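[1] Here's my sequence, what's the structure:
(3 chains)
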Amino acid sequence: MLLRLVFRNSSHTDKEVTEVKIRTFAAAAAIAALAITATGCSGGSGNESSDSGGKTLTYWASNQGTSLDNDKEVLTPQLEKFEKETGIKVNLEVIGWNDLQTRIQTAVTSGQAPDVLNIGNTWAASLQSTGAFMPFDEAAFTAIGGKDKFVKTAMDTGGVAGEDPTSVPLYGLAYGLYYNKAMFKDAGVTPPTTWEEMVAAAKKLTSGDVHGFSLAAGSYTENSHFAFINAAQNGADFFDADGKPTFTSDGIVDGIARYLDLMQADKVVAPGDAQYDNATQAINDFATGKSAMVLSQNNANSSIASQGMASDAFGVVAFPAPAAGKDIATMVAGINMSIFKNTKNKDSALAFVKFMTSEDTQAALDKPFAALPVLAGVTPSFTDDAELAKTFSDIYSNKSKPLPLVAAEDQFESTVGKAMNQMFATIASGGTVSKADIKSALETAQQAVEAAG
Amino acid sequence: MHDTTGTKVFRVITITALSIFTIIPIYVMVISGLKPLKDVQGAFTWWPETLTIQPYIDMWKTVPLANYFMNSVIVSVAATLLSLVIAIFAAYAVSRYTFRGRSLFSGAVLSTQMLPGVLFLLPLFLIFVNINTNFGVQLVGTRAGLIITYLTFSLPFSIWMLAGYFNGIPRELDEAATVDGCGPMRTLFTIILPTARPGLVAVAIYSFMTSWGEVLFASVMTTDANRTLAVGLQLYSTQTNVYWNQIMAASVVVSIPIVIGFLLLQKNFVAGLTAGAVK
Amino acid sequence: MSASTAVKKSGPSAGATARRARKPRRAGWWLPYALLAPAVIFELVIHIVPMITGIWMSFLKLTKMYISNWGNAPFIGTKNYQVALDFNSAVGMGLLKSFGITVAFTILVVGLSWFLGMAAAVALQKVFPGRAVFRTLFLIPYALPMYAGVIAWKFILQKDNGALSHLLFDNLGLPGDKPFWLIGDNAFAAVVIVAIWRLWPFAFLMLMAGLQSVPTDIYEAASVDGAKPLRQWWAITLPLLRPVNMSLVLVMFLWTFNDFNTPFVLFGGSQPPAGDLISFHIYNASFLTWNFGSGAAMSVLLLLFLSVVSGIYVLLMNRRKDNA
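    Sure, this is the predicted structure:
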């Protein structure tokens, strides 16, 4: 019947059909044109200055807690407090990480956006280049309490160097090497301070179903982060000073090879980890005693606890560099806050950012969200364990490097990260990945980034 | 007449193999929803070491499943009803009238089945935003936006099915009605529609299922307040844990009403697909 | 739906009746248009206008620099198409590979789904005790919400903790290590199996509906003449189901080629190259790299390909019908 509808049109001539076709097409094109012209102006231009201190703000928060509901529970008292202080009501929506990027894209494209939102700080430069976010100039910084109130490391992630940043830090995160104290003691090893010691310890701890290490080797974000960190330990950068990709330098290839070798040559990572597309899965293996070490950001504690591992059963040290390498243990991870440029409530939005980055609010949020302080001079409060707090503060302030602050950062993450997913998959299913293979995969990734730029 | 041995062997093998293929995923879904989190994260077992209904309790808290369920029901039911009404009119026109542009319309209907969803996701979003700017009708982030999107998704196939069904209804019936003085609309409502009930049910089932399972557009067009189940289920995978047992439990719960409804109405569905030929 | 054609197309007289009956009625000429208007309006707003907008986008440099103010995005002619079709570049090569995988995927999924659907429809053609139970059971995967079915498969296809590996290696004692299903080359087999699991009940449903219109006395006459079951199927069942098959195969082809949901839910954010189906590839090309112009160009190419294939298919089918 379908075919019949299409082809049994004996009742009229082709000419009639064509005429109708043309007319319909013209009408549709006219509507499309209307749609397009109208959208053209809804974005970056015309920042309404009729700023009368709007009484309602829309805020998109990212998922930091154990569930979206948990985030809401944590944030709501703070938002109520803010309303009491300023009379500004905040409509909160917590958005899961699966959706956040797409939601931001559609918001940027359409101009139908929240006033204030959270972003992963690694996206800061990429999002800045869309021009859809409000640059924090002198006046804006004054309004939120001054640039100097933030830790410099955190503030550096705000956007492209040399321009007014379009985001300010909200929660700080850093990678650390979590290790199982009891397993280390039984094997007679001490927490490693160099890459070599780490591999030696991991080898000692690997036997049967227990592995020295678990990795989220199927997560392209995690993989790109560690490609970056390992390359940084070799002193290599993914982008040169002009923002051009330089993915194929030796330092990068060696760094990635070193990381892949944890599974390939050293065999201290279970091949099954290659399908872990979420950091949680690697952490669960650690918490349930299937691995002795895991690399994770400092908000892993609640996951570990939910698996029944006591908080004194594990310790954390900085992710060690090779003896001859640079002492970089993490990229500067965390969450930043941005204001959409076309907000009609600029003053209220600034007041809200000021409130969220105030010492009181930060003190209330850092613990439930396991965040490192982004404010200068504040002691970490994300854990009761003073030593743990000290270790992470040290990593965050002294052993960190921000991810490339270039517009193509997001493409770096997806292309390099996905190439690494694939290389881990090859290794896990019994293949080998040579340095030449790594280099050619990186070349493909670089081409893709260049093509998009 | 008797079946040959070959026929019997063929029947037994086919039915057994397909039953296993069909059942295993369903069984795993049901049984994993009855395991504690620790068990679903460990090696798979066909029978749980600890049988618990806790996931069925916890799942309502981890994500606001009840809200999403309501949203899905409202969106799917509204999209189905509207799509049905619109398809009835269109199919009636295509089946009973000759008019200019009839084949163009039919061709266009077919061609929408070819559109890759990705091609019009972003443009559609922009058009909704523009409708909002120019006419003040809020479509993004509302149920209305999803409803009109979904009703349009199921429209082409619904029109095909119904037009086929209407074609199978003898025109002598309409002519008799016309002789009795019924106008075209009266004929549609008093003669065609009652006869076409199985066809209508078939179309309604199809539309409902299309809306109930859609993920891509729902993930972009909804906000927390009107999120549908298809998107909501993804939220069991949070920053700190993947609650497989609750995902499975929730999957069972969101499947039960639609599976039961479908199975109850399947006779109609099959009849709707065949009736044109039976006449 | 297509079963209606079975009888109609069977004789020239039936076609003539249909044509006569379709003569304009006394009602105003506008009536059919009024009846179609709601459908046309919705199709225009939701399908046609976005499609035209999408085609227009494919000629723009619509990267993240321009996306927030895309009225100002520079017009770059066919540059996006050139990049997508330059098979020496990483982008073009990626698209070509994805296209090849999708062709193989579609052939396997449509072919096997049709085969399984046909086998089940024939096996359940005659009444026997328990027939209704199996018919109901086979329809469940189709009735299940898409998301629920695929996520269950995702759970089953895990390497160490998945039910499939458990079944094959622990229960059935297959030698060797448990393989990956969702990464590496097996991912292709995985996505094919899941897609078939979801699609074959639809083929079964349509073919079963078609078979119900085949009068049983034809078979009785044939078996009196001594025709074997396979021969009966070939000589009677298949030709009678031809009209159903024609549209069934086309619809399944279009749905499968454009399948986005299955890889999206099955692989999440880290799809393996072996499971890189074209819809998902284009989605990533647009949303992951923010290059919407390039993504739109790829979509348009896909649309062209599908139109050409469908057009040829319909033409061939019509010609064969005319020759017959």
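
[2] any low-confidence regions in chain C?
    C:1-27, C:269, C:321-324 (pLDDT under 70).

[3] mind checking the SS state of whichever residue of the stretch 201-350 of chain A sits closest to chain B?
    Of all residues in the stretch 201-350 of chain A, the one sitting closest to chain B is residue A:303 (4.3 Å; CB to the nearest CB). (Each C-beta comes from the backbone N, C-alpha and C, glycine too.) Residue A:303 carries the three-state label helix when classified by DSSP: H, G, I helix; E, B strand; the rest coil.

[4] separation between it and residue B:241?
    6 Å (CB to CB, to the nearest Å).

[5] which neighbours do these two share?
    A:280, A:284 (CB atoms under 8 Å, 6 or more residues apart in numbering or on different chains).

[6] Give the full set of residues in contact with residue C:291.
    So residue C:291 contacts A:452, C:62-63, C:285 (CB under 8 Å, 6+ apart).

[7] The same query, at a cut-off of 6 Å, please.
    Neighbouring residues of residue C:291 by CB atoms under 6 Å, 6 or more residues apart in numbering or on different chains: A:452, C:63.

[8] How much space separates it from chain B?
    12 Å (CB to the nearest CB, to the nearest Å).

[9] What segments of the stretch 151-300 of chain C are helices?
    Using DSSP state H, counting those that start in this stretch, the helices of the stretch 151-300 of chain C run over C:163-165, C:186-212, C:216-224, C:229-232, C:238-257, C:261-267, C:278-283, C:292-323.

[10] hang on, the earlier thing: the residue of the stretch 201-350 of chain A closest to chain B: neighbouring residues, count only.
    24 (other CB atoms under 10 Å in any protein chain shown).

[11] tell me the pLDDT at it?
    We have a pLDDT of 81 for residue A:303.

[12] The one 3 residues further on now?
    What the model reports as pLDDT for residue A:306 is 79.

[13] Distance-wise, check it relative to residue A:298.
    Note on residue A:306: its distance to residue A:298, by CB to CB, is 16 Å.

[14] So which bits of the stretch 301-450 of chain A are right by chain B?
    A:302-303 (CB under 6 Å from any CB of the partner chain).

[15] For residue A:306 and residue A:298, indicate the residue with more neighbours.
    A side-by-side neighbour count of residue A:306 and residue A:298, using other CB under 10 Å, places residue A:298 first with 27 against 16.

[16] give the contact list for the more buried one.
    Here residue A:298 is in contact with A:173-174, A:370, A:392 (CB under 6 Å, 6+ apart).

[17] can we see that at 7 Å?
    Applying CB atoms under 7 Å, 6 or more residues apart in numbering or on different chains to residue A:298 gives the contacts A:173-174, A:176, A:370, A:372, A:382, A:392.

[18] now swap in residue A:423 and tell me
    By CB under 7 Å, 6+ apart, the contact set of residue A:423 is A:260, A:433, A:438, A:441.

[19] sorry, back to before: closest to chain A out of the helices of the stretch 151-300 of chain C?
    helix C:238-257 (4.2 Å).

[20] how many neighbours does the residue in chain C positioned nearest to chain A have?
    Closest contact between chain C and chain A, by CB to the nearest CB, is at residue C:71 (2.1 Å). When neighbours are defined as other CB under 10 Å, residue C:71 has 15 of them.

[21] and residue C:53, how many neighbours does it have?
    Neighbours of residue C:53 (other CB under 10 Å): 26.

[22] nearest residue to it other than its sequence neighbours?
    Distances taken as CB to CB, 6 or more residues apart in numbering or on different chains place residue B:123 nearest to residue C:53, at 3.7 Å, with adjacent residues excluded.

[23] What's the per-residue pLDDT of the most centrally placed residue in chain A here?
    Centroid-nearest residue in chain A, with CA atoms, centre = their mean: residue A:120, separated by 4.3 Å. According to the prediction, residue A:120 has pLDDT 92.

[24] for the stretch 301-450 of chain A, what spans make up the helices?
    Counting by DSSP H, counting those that start in this stretch, the helices of the stretch 301-450 of chain A are A:301-306, A:346-356, A:359-366, A:386-398, A:409-428, A:435-452.
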